[in-house]
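Participant: When you get a sec, could you give me coordinates for this:
(4 chains)
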There are 2 protein chains.
Amino acid sequence: MQHLQSYYNSEAKMIRGGFPRPFISRTYQTSFLKQRSKTEIKVVAAKKHSEAEKRRRMRINGQYETLRTILPNLIKHGEIDFVMNHQKDKASVLAETIKQVKELKKKVSEVEQDRCGSSSKDVVKFPSGADRLRLEKCNNEEDLVKATLSCEDSLGLMSAISRAMGSVKTKVVKAEIVSVGGRNRSVFWVQGLGNDRMGMLKSSLKIAMHKPAFKMRRSTH
Amino acid sequence: MQHLQSYYNSEAKMIRGGFPRPFISRTYQTSFLKQRSKTEIKVVAAKKHSEAEKRRRMRINGQYETLRTILPNLIKHGEIDFVMNHQKDKASVLAETIKQVKELKKKVSEVEQDRCGSSSKDVVKFPSGADRLRLEKCNNEEDLVKATLSCEDSLGLMSAISRAMGSVKTKVVKAEIVSVGGRNRSVFWVQGLGNDRMGMLKSSLKIAMHKPAFKMRRSTH
DNA sequence: CGGGACACGTGAGCC
DNA sequence: TGGCTCACGTGTCCC
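Facilitator: Here you go, the predicted model:
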């Protein structure tokens, strides 16, 4: 490329400026220039081409670079910049990326299925102002029902809910309880509940939410 | 490359087999062969080189391919394979990859900080057989303490814990309770607790865990 | 030296 | 037609 470019520059200059223009016939000049123009065009096209290609390469390599920075696997710059960065080759970077993406995806899906299908958007959910009750089957876990409820918080609430759970002979394997501002939002993961008893549990919970069936009385032990 | 290879094959054959060997002087033959060997070596080296380079390219492009498959952003193969796959160019694939990786990382860290630093390995933790109590500050959230306890499950346990929480004028913003096999593991995220009162809460909880300060008595309302 | 990794310029194909 | 991408073979540098 070097020689082409210099060739292009020097030769073109000589032709354009070096010849005594008045002594060249018009037709000869034009044909000559046309001749030159053709190769000039070719050369300049090649130059453009190679430059565009260089830009493309730089774009891609820039992406590799940022990829290297966000992946926790390569040797970073030392404190001293004299020490050359011993970085992994492109194929390895891509391989590592693939690995990481797969791992991250697995992680995310694990957590999401752990939350029984809730998206990561509503990870932290505060009690709703309105009373709510929802039962849903967990699609990725057999025989697991997620009961979500929002209601007024009260002293006997948990006991009432526990009683409601017990009334349908079910087992709460996990609970998530948020109480804030006098409101309560609870999520219960329930096992051992057939399709038929989902309605029963729902009505029991509805009752428990609104008028706890019993009150607690404290007595010093 | 094609012409180089055929050149190498045919010429070599002609030289080796085509000449009437007995009539060539030994020195001439060897020097001639040597001469040939040099270009031969060069040619075969070039071939090896280009082949290695091809292998390298294929390795990299293979990675691009798998990257394309695991990223949910590109037009996939249609049912009909005649329709050519209109796929994004390399730079875009890398850019999309970077975007995805960043998003996934954010998602994961969000969830993990929501769980207050617990790794995704111990997302579902069952109660420990031994009694345990641990208080730790959440590093990514100011004024948030995570209290984790494992102990014998009992009817008054939650009330006792609630009392312990109230005794240090703190607020539980979130709770995670797992009760299984007569054992209980609870995690409480607590706000409004100074450094000085962490010890107080710890001892209060310790007491609540082992001998609840009061018992519940049920009475029909 | 040989093998690996990269950048380069160029030919080819595709809108 | 030109602008873009890709594959290719090669030059070069580094173990």
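
Participant: And the closest residue to DNA strand D within chain A, how close does it get to residue A:62?
Facilitator: Residue nearest to DNA strand D within chain A: residue A:56 (4.0 Å; Cβ to the nearest atom of the strand). C-beta here means a position set from N, CA and C on the backbone, and glycine is covered the same way. Distance of residue A:56 to residue A:62, computed by Cβ to Cβ, to the nearest Å: 11 Å.

Participant: Same check on residue A:200?
Facilitator: Residue A:200 is 62 Å from residue A:62, by Cβ to Cβ.

Participant: the more surrounded of these two?
Facilitator: Shown here are residue A:200 and residue A:62; by other Cβ atoms under 10 Å in any protein chain shown, residue A:200 has more neighbours (16 against 13).

Participant: you'd agree that one is up against residue A:165?
Facilitator: No - using Cβ atoms under 8 Å, residue A:200 is not in contact with residue A:165; the gap is 11.0 Å.

Participant: In chain A, where is pLDDT below threshold?
Facilitator: A:1-37, A:73-86, A:110-127, A:140, A:179-182, A:211-221 (pLDDT under 70).

Participant: Please, where are all the strands along it?
Facilitator: A:132-137, A:144-152, A:171-180, A:183-191, A:214-220 (DSSP state E).

Participant: so how many other residues sit close to residue A:142?
Facilitator: Neighbour count for residue A:142, taken as other Cβ under 10 Å: 8.

Participant: swap in residue A:147?
Facilitator: Residues within reach of residue A:147, counting by other Cβ under 10 Å, total 24.

Participant: Now do the same contact list for it.
Facilitator: A:133, A:134, A:135, A:187, A:188, A:189, A:190, A:201, A:202, A:205 (Cβ atoms under 8 Å, 6 or more residues apart in numbering or on different chains).

Participant: Can you flag the buried ones in those residues?
Facilitator: Among those, the ones that count as buried by 16 or more other Cβ atoms under 10 Å in any protein chain shown are A:133, A:135, A:187, A:188, A:189, A:190, A:201, A:202, A:205.

Participant: Including distance to residue A:169, could the residues you listed go into JSON lines?
Facilitator: What follows is those, written out as JSON lines (distance: Cβ to Cβ, whole Å):
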{"residue": "A:133", "distance to residue A:169": "20"}
{"residue": "A:135", "distance to residue A:169": "16"}
{"residue": "A:187", "distance to residue A:169": "20"}
{"residue": "A:188", "distance to residue A:169": "15"}
{"residue": "A:189", "distance to residue A:169": "16"}
{"residue": "A:190", "distance to residue A:169": "11"}
{"residue": "A:201", "distance to residue A:169": "10"}
{"residue": "A:202", "distance to residue A:169": "15"}
{"residue": "A:205", "distance to residue A:169": "15"}
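
Participant: from those, which are also near DNA strand D?
Facilitator: When Cβ under 7 Å from any atom of the strand is taken as the criterion, no member of the buried ones among the contacts of residue A:147 contacts DNA strand D.

Participant: closest to residue B:66 out of the strands of chain A?
Facilitator: strand A:144-152 (34.0 Å; Cβ to Cβ).

Participant: and of the strands of chain A, who's closest to residue B:156?
Facilitator: Here strand A:214-220 is closest among these (Cβ to Cβ), at 9.4 Å.

Participant: Now do the helices in chain A.
Facilitator: A:2-13, A:26-70, A:90-114, A:157-167, A:196-210 (DSSP state H).

Participant: Quickly compare these and say which is most buried.
Facilitator: Burial of those is given as mean neighbour count (mean count of other Cβ atoms under 10 Å in any protein chain shown); helix A:157-167 ranks first at a mean of 20.

Participant: who does it touch, helix- and strand-wise?
Facilitator: Applying 3 or more Cβ pairs under 8 Å, 6 or more residues apart in numbering or on different chains; DSSP states H and E, one finds that helix A:157-167 contacts strand A:171-180, strand A:183-191, helix A:196-210, strand A:214-220.

Participant: Now do it and helix B:157-167, the angle between them.
Facilitator: Helix A:157-167 runs at 170 degrees relative to helix B:157-167, counting by axes from the mean of the first three to the mean of the last three Cα atoms, to 10 degrees.

Participant: thinking residue A:160 is in contact with residue A:206, fair?
Facilitator: No - Residue A:160 lies out of contact with residue A:206 (Cβ under 8 Å); the separation is 10.9 Å.

Participant: just to revisit the earlier point, list just the nearest of the contacts of residue A:147 to residue B:105.
Facilitator: Using Cβ to Cβ, the contacts of residue A:147 come closest to residue B:105 at residue A:187, 26.5 Å.

Participant: Now for the closest one: which residues touch it?
Facilitator: A:146, A:147, A:148, A:149, A:175, A:176, A:177.

Participant: Great, nothing more from me.
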